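[1] Okay, here's the prediction I keep looking at, along with the sequence it came from:
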Amino acid sequence: MTVTHIWRYPVKTMAGEELQRAAIGPLGIEGDRLVHVEDARGRVVTSRSHPRFLGHKAVSDAKGTITVDGRPWQSPEVDAEIEDIAGKGARLVRYEGPERFDVLPLLVATDGSIAAFGHDYRRLRPNIVVGGVDGLDERSWPGACLRIGKVLIGVQDLRLRCIMTSFHPDTLVQDKNITREIYRRFEGKLALNCFVIEGGEIVVGDEAQLVRGRACTEASEAFGA
């Protein structure tokens, strides 16, 4: 198995950036989901209720500077677009705590399940895509670990999918049948909620190995999972 794609989403709920390499820390890919949208009452807003956010692309440069569609994320132009989508008083907020993730810091998808899914894998918004996986074998991975070089990733469970999967990542055209399909064919779950046991750097093309048994159990217990 190998790493075939790496993705980072500097602004939660917006389109992200594909990377060739990434540093992995305790909270997943460094620079992932550092900024989110809040409405005028301080509630987090996502594309589940405001899918137009998916039409904006956020990237982060080598210095960690985040831009949205090529403009600084704190610029008046971006502020105006946020309010246009989420209402007056909505704004982008930087927050680095673990609560910024919906479930766990890493989402791992596999090519076998993506093929079974049959649609653009970007709808699943993974951080890491692993190639060379037979069919739906990822569904047997919870409780195992994934070793990529020095990085050790614990696999907790399958991700329950939401309505965001129904939106095309480029056109934003919605097809609710795609989400219904996930529930009909895959019990509503695709890709894997994961946590970091040992950090380091990963690169597209790196070998990935599934670790089961005592070695994984002991590492997960030491981590506190």
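    That came through, no problem.

[2] For this structure, just list every one of the helices.
    Listed in chain order, the helices of the chain (DSSP state H) span residues 76-86, 111-117, 176-186, 214-223.

[3] Now do the first one: which elements does it pack against?
    Packed against helix 76-86 by the contact rule (3 or more C-beta pairs under 8 Å, 6 or more residues apart in numbering; DSSP states H and E) you find strand 71-72, strand 91-94. Placement of C-beta: from N, CA and C, glycine included.

[4] For the ones you listed, give me CSV that also has distance to residue 195 and mean pLDDT.
    Output for the helices and strands packed on helix 76-86, formatted as CSV (distance: least, C-beta to C-beta, whole Å; pLDDT from 0 to 100):
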stretch, distance to residue 195, mean pLDDT
strand 71-72, 32, 97
strand 91-94, 23, 97
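
[5] Provide the count of other residues in contact range of residue 202.
    Using other C-beta atoms under 10 Å as the criterion, residue 202 is surrounded by 23 other residues.

[6] I'd assumed residue 152 was in contact with it.
    No. Under the criterion of C-beta atoms under 8 Å, residue 202 is not in contact with residue 152, lying 11.1 Å apart.

[7] need the contact list for the residue nearest to residue 19 when sequence neighbours are not counted.
    If the residues on either side of it in the chain are set aside, residue 19 comes closest to residue 6, at 4.5 Å by C-beta to C-beta, 6 or more residues apart in numbering. Applying C-beta atoms under 8 Å, 6 or more residues apart in numbering, we find residue 6 in contact with 18-22, 29, 127-129, 202, 204.

[8] mind redoing it with 7 Å?
    With contact set as C-beta atoms under 7 Å, 6 or more residues apart in numbering, residue 6 has these partners: 18-19, 22, 128, 202, 204.

[9] now swap in residue 109 and tell me
    Going by C-beta under 7 Å, 6+ apart, residue 109 touches 121, 124, 126, 129, 191.

[10] Surely the third one and residue 110 touch.
    Spelled out, that is residue 126. No. Residue 126 sits out of contact with residue 110 when judged by C-beta atoms under 7 Å, with a separation of 9.1 Å.

[11] contacts for the one helix or strand in the chain whose mean pLDDT sits lowest?
    Ranked by mean pLDDT, DSSP states H and E, the helix or strand of the chain with the weakest confidence is helix 214-223, at a mean of 75. Identification of contacts with helix 214-223 by C-beta under 7 Å, 6+ apart yields 144-145, 152, 154, 197.

[12] Show me the protein divided up by domain.
    As assigned by automatic domain parsing, the chain contains the domains 2-7+18-27+101-223, 30-100.

[13] any idea which of those domains is most buried?
    Across those, averaging neighbours per residue (mean count of other C-beta atoms under 10 Å) puts domain 2-7+18-27+101-223 on top, at a mean of 18.

[14] Tell me the gap between that domain and the middle of its chain.
    Centre-to-centre, domain 2-7+18-27+101-223 and its host chain are 8 Å apart (C-alpha atoms, centre = their mean, to the nearest Å).

[15] before we move on, the earlier item: nearest to residue 133, of the helices of the chain?
    Nearest to residue 133 among the helices of the chain is helix 111-117 (4.1 Å), distances taken as C-beta to C-beta.
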